[in-house]
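Chemist: Take this sequence and fold it.
(2 chains)
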Amino acid sequence: SQTIHQWPATLVQPVGSPLSLECTVEGTSNPNLYWYRQAAGRGLQLLFYSVGIGQISSEVPQNLSASRPQDRQFILSSKKLLLSDSGFYLCAWRPSGSYNEQFFGPGTRLTVL
Amino acid sequence: GENVEQHPSTLSVQEGDSAVIKCTYSDSASNYFPWYKQELGKRPQLIIDIRSNVGEKKDQRIAVTLNKTAKHFSLHITETQPEDSAVYFCAASQWSYIPTFGRGTSLIVHP
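Modeler: I've put the predicted structure just below:
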């Protein structure tokens, strides 16, 4: 069966510090991968998605970036965090080329102080 | 692109009552409509979904209806229980495309 992992679970970082969040998926190949953020309320804001290794599409211009160095690995990064980057970051995957549901990871709660 | 509107933003009911959450979408090409439940501090999880070739789908106490002509779909929860309290998201997508989510409905079930 498929499993999605995210780490760390929680993170407290000072403004201006770098960020690296990692997401990995097991039990599938060539998944579509997504990064979402939930800030303060409950809306799911799509940040990045990827349909293959090295392919990244950005939905919102900001100081975040994403990379997909391996088929089942998705990384969210920042060189300098802002206060507004605080939130709940969710990685998700979906089988490529399907109607199927998205499966979300457990999330990372990021607090920028 | 697709636009999904979800109402209400907050819904408060008494245990045992029914709850209805409604979503409208703009792109007539959308053909897959999932509903996710997110408990406080946890990840969203699929509770039911419907494809455009079906008008209604039911799973125990939850059901989803779809009106393609009017471009709206609804989640119905009967005999609500306190454990149904959560934020519910609707979404709309085309085959293999990026889903567009509604802004969420916070359902509160009072014992």
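
Chemist: Could you see whether chain B lies near the helix or strand harbouring residue A:22?
Modeler: Per DSSP states H and E: residue A:22 is located in strand A:19-26. No. Using Cβ under 8 Å from any Cβ of the partner chain, we find that strand A:19-26 stays clear of chain B, coming within 12.0 Å at best. C-betas here are computed from N, CA, C, even on glycine.

Chemist: That strand: partners in the sheet, and parallel or antiparallel?
Modeler: strand A:3-7 (antiparallel), strand A:73-78 (antiparallel) (DSSP bridges).

Chemist: Share the number of residues neighbouring the closest residue to residue A:78 other than its chain neighbours, please.
Modeler: Closest residue to residue A:78 apart from its sequence neighbours, by Cβ to Cβ, 6 or more residues apart in numbering or on different chains: residue A:19 at 4.1 Å. Close neighbours of residue A:19, defined as other Cβ atoms under 10 Å in any protein chain shown, add up to 20.

Chemist: okay, residue 76: pLDDT?
Modeler: This is for chain A. Residue A:76 is assigned a predicted lDDT (pLDDT) of 97.

Chemist: you looked at the wrong chain, it should be chain B
Modeler: On the pLDDT scale, residue B:76 is placed at 98.

Chemist: For it, which residues are in contact?
Modeler: B:18, B:19, B:20, B:62, B:63, B:64, B:65 (Cβ atoms under 8 Å, 6 or more residues apart in numbering or on different chains).

Chemist: Work out for me the element it sits within.
Modeler: strand B:72-77.

Chemist: Then residue B:98?
Modeler: Going by DSSP H and E, residue B:98 is not in any helix or strand.

Chemist: My guess is it contacts residue A:46. True?
Modeler: Yes. Counting by Cβ atoms under 8 Å, residue B:98 does reach residue A:46; the two are 6.8 Å apart.

Chemist: which residues do these two both contact?
Modeler: Residues touching both residue B:98 and residue A:46 comprise residue A:34, with contact defined as Cβ under 8 Å, 6+ apart.
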